[in-house]
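>>> model the following, please.
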Amino acid sequence: MLSRAKPAVGGDPPHTDKRKKKGRKIPKLEELLSQRDFTGAITLLEFKRHVGEQEEDTNLWIGYCAFHLGDYKRALEFNDEKKLMNFHQNLQDITEDQLSLASIHYMRSHYQEAIDIYKRILLDNREYLALNVYVALCYYKLDYYDVSQEVLAVYLQQIPDSTIALNLKACNHFRLYNGKAAEAELKSLMDNASSSFEFAKELIRHNLVVFRGGEGALQVLPPLVDVIPEARLNLVIYYLRQDDVQEAYNLIKDLEPTTPQEYILKGVVNAALGQEMCSSYFYNDDIFNFNYAQAKAATGNTSEGEEVFLLIQSEKMKNDYIYLSWLARCYIMNKKPRLAWELYLKMETSGESFSLLQLIANDCYKMGQFYYSAKAFDVLERLDPNPEYWEGKRGACVGIFQMILAGREPKETLREVLHLLRSTGNTQVEYIIRIMKKWAKENRVPV
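Numbering: from 1, shown residues only. Got it, this is the predicted structure:
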């Protein structure tokens with residue numbers, strides 16, 4: 001959650017006053033660490049290394065200080081895998097060593113192993129309340145958001161203004177409910193901000209962008225790309241949603257994936273880029289466009305699907321039922337039902353034309369395009385006296401009437417609706433016609 005690659009603000013040591021007396025005593029490393037002056041400690045360690053006074057564990061202490069300053073990228077530069085494994089083997093069954101082991105498990109995404117250690121320590125040390133936050137965070141990483149919330153509540157009962165805990169609670173709400181619920185949690189945090197709020201303000205700004213569905217992404221996320229690892233991933237997702245595949249690729253091309261999310265996102269970006277390249281390369285290839293248009297339409301992108309279908313030149317393909325049915329569906333979803341109806345009118349009577357009628361009737365009804373739905377159900381009813389077709393036509397005709405009443409359909413359309421209804425021998429027709437004609441008379445609409 002609060003994983004930084006580098007600090008968001010400068011951590012340079014304050015300028016020393018040149019007027020101060022020469023010969024001032026150089027502080028010891030232990031003093032600086034006890035005062036939590038990690039910037040001063042790094043300065044001292046680097047000075048000693050420069051003048052040849054480097055000790056065996058100098059690099060480890062520099063990594064330690066960089067870690068506490070939030071400069072994780074620099075801290076990792078001093079990581080020695082062999083030494084780490086040696087230390088791992090020498091860990092004892094004492095609390096401090098076990099906490100170190102749990103943190104290693106967490107950093108390597110071994111969340112269940114970390115949970116097991118934290119829980120074992122909590123059994124004997126109930127007063128270590130902060131471990132509940134670590135456990136909750138591990139459960140969050142494992143997608144057990146409800147369990148994470150339960151464990152987190154234990155800590156929040158004692159420390160209700162913890163920025164990290166409240167932020168994690170907001171993230172759980174986002175996963176369990178929605179962005180508004182999550183933002184409400186963060187709002188209460190910001191309204192009652194404690195001194196710890198400054199510590200995580202970049203994280204809060206980042207999460208607000210996520211909770212708001214990407215709003216303000218270009219203003220907030222770019223400066224945080226190397227501060228919060230998730231910022232890069234969320235900016236990539238934002239670019240993908242804006243169909244800016246090239247920008248998404250530029251941002252992720254040099255990323256070496258280490259988590260499933262990173263592998264998936266990089267794979268999606270590369271696939272999207274490849275798809276763009278293929279679509280431009282095969283622009284005039286009918287077979288490619290036929291398959292590409294179907295894929296676009298099937299994934300809900302009917303606007304682009306329609307465009308690609310219309311690029312096809314082959315008359316054989318354009319008379320194929322699969323082409324006609326998918327193009328008709330695209331027209332309907334793109335609010336062009338008349339063009340779908342014209343596709344049917346150009347067909348000869350056959351089983352395929354009957355199937356296209358069914359598609360038009362049902363899809364238009366679903367999209368609230370009741371006029372062409374009623375026309376399609378009317379033809380279906382005359383070809384096959386199935387009660388379902390009458391019910392569909394009745395619903396569509398009533399739907400047109402409602403749209404006329406709401407002013408969303410011309411009043412003159414009522415005359416054709418009545419004509420469609422009169423072609424049915426169902427006993428319900430007269431009642432419906434009587435109501436429509438009464439309204440027409442009261443509103444002086446000729447029928």
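>>> now stretch 46-58: how far from the chain's centre is it?
In terms of C-alpha atoms, centre = their mean, to the nearest Å, the centre of stretch 46-58 is set 47 Å apart from its chain centre.
>>> buried stuff in it?
Of the residues in stretch 46-58, Lys48, Thr58 count as buried by neighbour count, 16 or more other C-beta atoms under 10 Å. Quick note: C-beta positions are derived from backbone N, CA and C, even for glycine.
>>> pLDDT of that stretch, averaged?
For stretch 46-58, the mean pLDDT works out to 80.
>>> and for stretch 428-447?
Average pLDDT, stretch 428-447: 90.
>>> tell me which residues of it come out buried.
Neighbour-count burial for stretch 428-447 [16+ other C-beta under 10 Å]: Val429, Ile432, Ile433, Met436, Trp439, Ala440, Val445, Val447.
>>> quick check, distance from it to the centre of its chain.
50 Å.
>>> name the residues that touch that stretch?
The contact list for stretch 428-447 (C-beta atoms under 8 Å, 6 or more residues apart in numbering) reads 394, 397-398, 401, 405, 411-412, 414-415, 417-418, 421-422.
>>> rewinding a little: Arg108: which of the buried residues of stretch 428-447 is nearest?
Ile432 (69.4 Å; C-beta to C-beta).
>>> circling back: which of the contacts of stretch 428-447 has the most neighbours?
Using other C-beta atoms under 10 Å as the neighbour test, those are led by Cys397, with 27 neighbours.
>>> what's next to the helix or strand where that one lies, contact-wise?
Here Cys397 sits within helix 387-405, counting by DSSP states H and E. With contact meaning C-beta under 8 Å, 6+ apart, helix 387-405 is reached by 361-362, 364-365, 368, 370-371, 373-374, 377-378, 380-381, 409-411, 413-414, 417, 420-421, 424, 426, 428, 432, 436, 439.
>>> next structured bit after it?
Downstream of helix 387-405, the first helix or strand assigned by DSSP H and E is helix 413-422.
>>> now for Trp390, how many residues are close by?
19.
>>> ok, now how distant is it from Glu183?
49 Å (C-beta to C-beta, to the nearest Å).
>>> and Val445, by the same measure?
50 Å.
>>> so is Val268 in a helix, a strand, or just coil?
At Val268 the chain is in helix, as set by DSSP: H, G, I helix; E, B strand; the rest coil.
>>> excluding chain neighbours, what is closest to it?
Counting by C-beta to C-beta, 6 or more residues apart in numbering, the nearest residue to Val268 once its immediate chain neighbours are dropped is Leu240, at 7.2 Å.
>>> now swap in Leu383 and tell me
Distances taken as C-beta to C-beta, 6+ apart place Phe354 nearest to Leu383, at 6.6 Å, with adjacent residues excluded.
>>> now for the strand or helix carrying that neighbour, which elements pack on it?
Using DSSP H and E, Phe354 maps to helix 351-366. Judged by 3 or more C-beta pairs under 8 Å, 6 or more residues apart in numbering; DSSP states H and E, helix 351-366 is in contact with helix 321-333, helix 337-345, helix 370-383, helix 387-405.
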